[in-house]
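Trainee: Dropping the sequence and predicted coords here.
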Amino acid sequence: MSASVIAADNTRSAVSRLVAHDLFQRIVIGLILLNAVTLGLETSETLMATGWGDVLHALDRALLWLFTIELGLRIYAHRAAFFRDPWGIFDLLVVSIAWVPSSGPLAVLRALRVLRVLRLLSVVPSLRNVVEAMLKALPGMGSILLLMILIFYVFAVMATKLYGDAVPDAFGTLGASLFTLFQLMTLDDWANIVKPAMEHDPWALLFFMPFIVVSTFVVLNLFIGVIVESIQTLREDRTADTDASDKNAVLVELRALRAEIAALREQR
C-alpha cells in the first residue's frame, strides 16, 4: 500500500472521528437553532427594512456554507455509506434546496429554506427515533385510518338524511356532512353545530355525542397507542442490538485472550 493511500485513509479516519464527536454534533445543533432564529427574524418587515436585513441575509448565507462544509465532511468520511443512509439523503436534499436560485419562477423555493430547521430530526437522536417509530407504525395506523373513514362515512350519510333539511349549511350534502363531522371531531365550535340540529330534533344529541366520543377519544387515542407501542418496540430492539454487540465484543476479547494464553504455553 502506497504512502499516499495510507495518508488518505488516515485523513478519512480523522474526519470520521471529527464528524462523530459529541462536540461537533452540538455545534451543528447550535447552528441549526441559530438558523431557525434568523429565518424567523427575516419574516419581520420592520426588521428587514433596517440595516439588520443585510446582516440576517449575510448570516444566513454563512450558515448555508457551514452546513455545506459539514455535509461535505460527512460524505468524505463515510463515502458510499453516506448515500445508503436515509437521513444522509434527507440532509443532502435539504441543503441542496437552499442552493437553488430563488429568483424568477423558482422564487417559491426561497420559502423552503426553512426546511433546514428540519435537520434537527437527523441530528438529534431522540427526534430521529420518534420519526423512525412513526414510519414503522404506518401499517398499523393504516388500519385505524380505514376504521375512521368507515365511521365518518356511515355517520355522514346518516347526518345528511336526518339533518340535511334542518341544517343545510352543515349537513345539506354528503361532502358538507363529512367536513362538519371532521370539525366535530376536533371539537371546534361543536356546540354551535349541534344546537341547530337539536332545535329541529331534541334527540339529536344522542346522535352526535357517540360520534364525538368514538372519533375524538377512541380512534385518535388508538393512533397515539400505535405510535407509543412502535417507539417502545424500537427502543427494545436497539437495546437488544446493543447488548448483542457488547456480548460479541466480549467474546472476541475472550478468544484473543485464550489465543495469547495458548501462545505463551507453547513458548514454554
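Mentor: Happy to help now that I have it.
Trainee: low-scoring stretches of the stretch 151-268 of the chain, by residue?
Mentor: 238, 240-254, 256-257, 259-260, 262-268 (pLDDT under 70).
Trainee: Can you tell me the element the most centrally placed residue in the chain falls in?
Mentor: Closest residue to the average C-alpha location of the chain: residue 131 at 4.5 Å, with CA atoms, centre = their mean. Residue 131 belongs to helix 125-136 when assigned by DSSP states H and E.
Trainee: Heading C-terminal from that helix, find the next helix or strand.
Mentor: By DSSP H and E, the next helix or strand past helix 125-136 is helix 138-163.
Trainee: burial of residue 220, as a residue count?
Mentor: 15 (other CB atoms under 10 Å). All C-beta spots, glycine's among them, are computed from the backbone N, C-alpha and C.
Trainee: again, but for residue 68
Mentor: Residue 68, neighbours per other CB under 10 Å, totals 14.
Trainee: Tell me, what's the model's pLDDT at the closest residue to it other than its chain neighbours?
Mentor: In space, and not counting its chain neighbours, residue 68 is closest to residue 95: 6.0 Å by CB to CB, 6 or more residues apart in numbering. Looking at residue 95, its pLDDT is 84.
Trainee: Surely residue 95 touches residue 69?
Mentor: No. Using CB atoms under 8 Å, residue 95 makes no contact with residue 69, being 10.3 Å away.
Trainee: The two: who's more crowded?
Mentor: residue 95 (18 against 10).
Trainee: separation between the closest residue to residue 158 other than its chain neighbours and residue 201?
Mentor: Among residues not flanking residue 158 along the chain, residue 207 sits closest, at 7.2 Å (CB to CB, 6+ apart). Distance of residue 207 to residue 201, computed by CB to CB, to the nearest Å: 8 Å.
Trainee: mind listing the helices for the stretch 51-200 of the chain?
Mentor: Assigned by DSSP state H, counting those that start in this stretch, the stretch 51-200 of the chain shows helices spanning 52-78, 80-83, 86-99, 120-123, 125-136, 138-163, 168-171, 174-185, 190-200.
Trainee: Name the residues that touch the next helix or strand after the last one?
Mentor: Put plainly, it is helix 190-200. Helices and strands here follow DSSP H and E; after helix 190-200, the next one along the chain is helix 205-212. With CB atoms under 8 Å, 6 or more residues apart in numbering as the test, helix 205-212 has contacts from 151, 155, 158-159, 162, 181, 184-185, 187, 190, 193-194, 197-198.
Trainee: wait, what's in contact with residue 72?
Mentor: So residue 72 contacts nothing (CB under 8 Å, 6+ apart).
Trainee: So for it, what's the pLDDT?
Mentor: Confidence score, pLDDT, at residue 72: 89.
Trainee: if I look at it, how far off is residue 85?
Mentor: In terms of CB to CB, residue 72 sits 15 Å off from residue 85.
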